[in-house]
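Novice: The following comprises the amino acid sequence and a computationally predicted model.
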Amino acid sequence: MMMSKYRPDIDGLRALAVIPVVLFHIGFTPISGGFVGVDVFFVISGYLMASILLSDITNGRFSIVGFYERRIRRILPAFSVMTAFSLLVALVIMLPQDLKEFGTSVWSSTVFASNLAFWIERGNYFDTSEDLKPLLHTWSLGVEEQFYIFFPVGLALVVGVWRLRTAFLLCALVAILSFALSVYATQHAPLANFYLLPTRVWELLCGSLLAFGMIPSQRNVVVTEWLSAIGLALILIPIFGLSPRTPFPGLSALPPVLGAGLIVYLGGGAAPTFVERLLALPAIRFVGLISYSLYLWHWPLIAFARYYWIELTSTSMVILAALSFAVAIPSWRYIEAPLRRRGAVFGRRRLFAVAGTISATLCAIGLILYKTDGLPRRLPAEIANMAEKGTYHGRWRDCGEDYAAQRTAATLCVLGSAKAQPSFLLAGDSHAEAVAAALFESGESVGRAGYQITDTGYRPFLGYRKWGEMAKYEYLNHLVTEMLDQHAEIRDVVIPFYWRQATLLDTYIDDHDRRVSGISAARLGLTALFSRYPGKRFLLIVSGPHSPSFGGNPAARARWFGHPYAPIVEKAAFEAEESKYADVILALGEMGNVTIARLSDYLCGQHECFGMLNGNIAYGDDNHVSYSTSKLLDPQFRNFLCPNAMCELDMER
């Protein structure tokens, strides 16, 4: 089934891939699974590239140089212009730390390794918000181009040494292994699963397998119509039915990949199906023709608009979507299309020279931005300091990441009063780290010291492990119980964590390897912890509201751009979200050894919750409170650590 003629329905399928991606990125709520458009693109790419390669190999005209010439003509012109534009805008408006991270995006995307860079970056919980990274979307180009480093040569060698059927079977085997790895990684390494080639290659190979022509053609017209309709449904249902919370790719990616594969497989026959005719409609086909430029340009426009204006309305997002089309059309017409034809504008030798020069220049600029820490002298030191997250951390921030550091009972941080034996414990995620300084300063003031067991995303839910971080949870849960079992002197435990993420966004595994919702894991896991130690007292700190407009970074941007900065969240909206896990808090608070402290008591008024308090920035970023806000908990910390002023009496004696 090697493609020998133009398939207008494939351009239509490209439109079906790119439109959901754009709508998803502008926040169009019904398209909650629009990200699966990228998976459809992978199938199309695998099919088209394998078709070209197999045609060249079987006809004796395969050239690896020729293949990469085509890839350069297809990918580099529009990519280079988009990246150069993004560089100019970033140099003007980005704060130093953000520009430094952007520099990494520039050089890594230029060498088609941005998927690796973003995978590594995501390990830093406090890095720039994904919504503000203008080149984040280039991760998919990295996956594709890494595939095309190995696939052409490997395919040519296998076909040349053995035969076409052997190559088909090997591709099928690799696809099966990759899919199995992806299913496994949804639970054990979800971040790597999303970004890396080994767990994505099966999607490209599903398209490639169709190009071999070894799957028997479907001749029954009725069956063909039904199968093509099923293929369309398999794409549309995930677009509307999945969400960013869905473990992905793995099993969840199978329907859109199979759906795209069915449409590709069944198209191009003598009697076009309804779906094929629909996708070949001129308007849909035109969107497919500009899909690459549209994909390239839509995200930087959205990210830079968010960066400059801090908060965008729904109307603004619709305007940005329209602007993306307005930019994509000339990009396709005047940059992408003219250079795709072999011999157009540049011959092969000059093309490689120009491509190498452009790539080297972009890499050099990206590395300069990274090595110079984002050129901090471009803006006043006051604004740079305001934007720096460390400004809001307070002391003792370095005692986190216990799993990464593999700390043990003997090597945990002991903080607070230097004259006291440790007698309390702080356990939790990065929200615990955000209040750690205030807690241990309170401990110091009442003559008490304590241990710290914290790591990003960790909550001490006994009997439960977070999906994708099972090893971390097993290690830290064991460490917490070991400390509480073996240290009778630890009589008080403080547990702050990000309730919204823990209960509404994360999924957990119980001791029987069953998936459990975050709300259930919080209720049952904390109940198990509190019940196991009835003689100990627990202070459970409930996180406050969140907003992308909160934090030092947007405050610094607002100051630099001359925008007023008084960010708020409607209290009713926060309470509506909190109501989803309020019953858990209420039930835990009724346990005799549990005290509840709410950050919203300090951050919210009668109708609004604030990102600024008493002239101070209340948050370090969009959800972690600043040191000045955490200090508002000092009376509750002191009362918890020193009930009935017993500590003061002990100190006096």
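Specialist: Right, received. Where do you want to start? Numbering: from 1, shown residues only.

Novice: can you give me the helices for the stretch 151-300 of the chain?
Specialist: Remark: helices assigned in the stretch 151-300 of the chain by DSSP state H, counting those that start in this stretch are 164-188, 190-195, 201-211, 221-241, 250-266, 274-279, 282-289, 291-309.

Novice: what's the closest of these to Leu476?
Specialist: helix 164-188 (16.8 Å; CB to CB). No exception for glycine: its C-beta is placed from N, CA and C like everyone else's.

Novice: and Ala449, how many residues sit next to it?
Specialist: 18 (other CB atoms under 10 Å).

Novice: hmm, I was thinking of Thr186
Specialist: Each residue near Thr186 was counted by other CB under 10 Å, and the total is 21.

Novice: just Arg341 next, same as before
Specialist: When neighbours are counted by other CB under 10 Å, Arg341 registers 9.

Novice: before we move on, back to that, would you mind putting the helices of the stretch 151-300 of the chain into a markdown table with distance to Phe151 and mean pLDDT alongside?
Specialist: Formatted as a markdown table, the helices of the stretch 151-300 of the chain follow (distance: least, CB to CB, whole Å; pLDDT from 0 to 100):
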| stretch | distance to Phe151 | mean pLDDT |
| --- | --- | --- |
| helix 164-188 | 9 | 95 |
| helix 190-195 | 19 | 93 |
| helix 201-211 | 7 | 97 |
| helix 221-241 | 24 | 95 |
| helix 250-266 | 17 | 96 |
| helix 274-279 | 26 | 95 |
| helix 282-289 | 23 | 96 |
| helix 291-309 | 19 | 97 |
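
Novice: Give me whichever of the ones you listed is most buried.
Specialist: Comparing the helices of the stretch 151-300 of the chain by mean neighbour count (mean count of other CB atoms under 10 Å), helix 201-211 ranks first with a mean of 26.

Novice: where do the strands sit along the stretch 551-653 of the chain?
Specialist: Taking DSSP state E, counting those that start in this stretch as the test, the strands found in the stretch 551-653 of the chain are 568-570, 594-598, 608-610, 612-613, 616-617.

Novice: tell me the mean pLDDT over the fourth one?
Specialist: The one in question is strand 612-613. For strand 612-613, mean pLDDT rounds to 94.

Novice: How about the first one?
Specialist: The pLDDT scores in strand 568-570 average 95.

Novice: Please spell out which residues along that strand are buried.
Specialist: By neighbour count on 16 or more other CB atoms under 10 Å, the buried set for strand 568-570 is 568-569.

Novice: Residues contacting it, please?
Specialist: The contact list for strand 568-570 (CB atoms under 8 Å, 6 or more residues apart in numbering) reads 545-547, 607-611.

Novice: and of those, the nearest to Arg165?
Specialist: His546 (55.5 Å).

Novice: Angles on the backbone of that closest one, please.
Specialist: Main-chain dihedrals, His546, degrees, to the nearest 10: phi -130, psi 160.

Novice: I figured it was touching Arg500, is that so?
Specialist: Yes: assessed by CB atoms under 8 Å, His546 is found in contact with Arg500 at 6.5 Å.

Novice: Can you pull the residues that touch both of these two?
Specialist: With CB under 8 Å, 6+ apart as the test, His546 and Arg500 both reach Asn623.

Novice: contacting residues around the spatially most central residue of the chain?
Specialist: By CA atoms, centre = their mean, the chain has its centre lying nearest to Glu130, at 6.4 Å. If you count contacts by CB under 8 Å, 6+ apart, Glu130 has them with Leu136.

Novice: Now do it against Ile75, distance only.
Specialist: With the distance defined as CB to CB, to the nearest Å, Glu130 ends up 23 Å from Ile75.

Novice: And for Gly213?
Specialist: 27 Å.

Novice: Let me see the domain layout of this structure.
Specialist: Domain segmentation of the chain under automatic domain parsing yields 8-371, 395-546+581-605+632-652.

Novice: Now do the longest one: distance to the chain's middle.
Specialist: The offset between the C-alpha centroid of domain 8-371 and the centroid of the whole chain comes to 17 Å, using CA atoms, centre = their mean, to the nearest Å.

Novice: burial count for Ser63?
Specialist: Residues within reach of Ser63, counting by other CB under 10 Å, total 12.

Novice: so what's the residue nearest to the centre of the chain scoring on pLDDT?
Specialist: Looking at Glu130, its pLDDT reads 85.

Novice: what do you get for Ser4?
Specialist: 55.

Novice: if you go through the stretch 351-500 of the chain in chain order, where are the strands?
Specialist: Under DSSP E, counting those that start in this stretch, the stretch 351-500 of the chain gives strands at 413-416, 422-428, 449-454, 464-466, 492-497.

Novice: Buried deepest among those strands, which one?
Specialist: Among these, the stretch with the highest mean neighbour count (mean count of other CB under 10 Å) is strand 492-497, at a mean of 26.

Novice: what packs against that strand?
Specialist: Judged by 3 or more CB pairs under 8 Å, 6 or more residues apart in numbering; DSSP states H and E, strand 492-497 is in contact with strand 422-428, helix 430-445, strand 537-542, helix 634-641.

Novice: can you put the ones you listed in CSV and add mean pLDDT and distance to Ala566?
Specialist: Shown next, in CSV, are those (pLDDT from 0 to 100; distance: least, CB to CB, whole Å):
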stretch, mean pLDDT, distance to Ala566
strand 422-428, 96, 30
helix 430-445, 95, 22
strand 537-542, 98, 24
helix 634-641, 96, 25
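
Novice: Fine, thanks again, bye for now.
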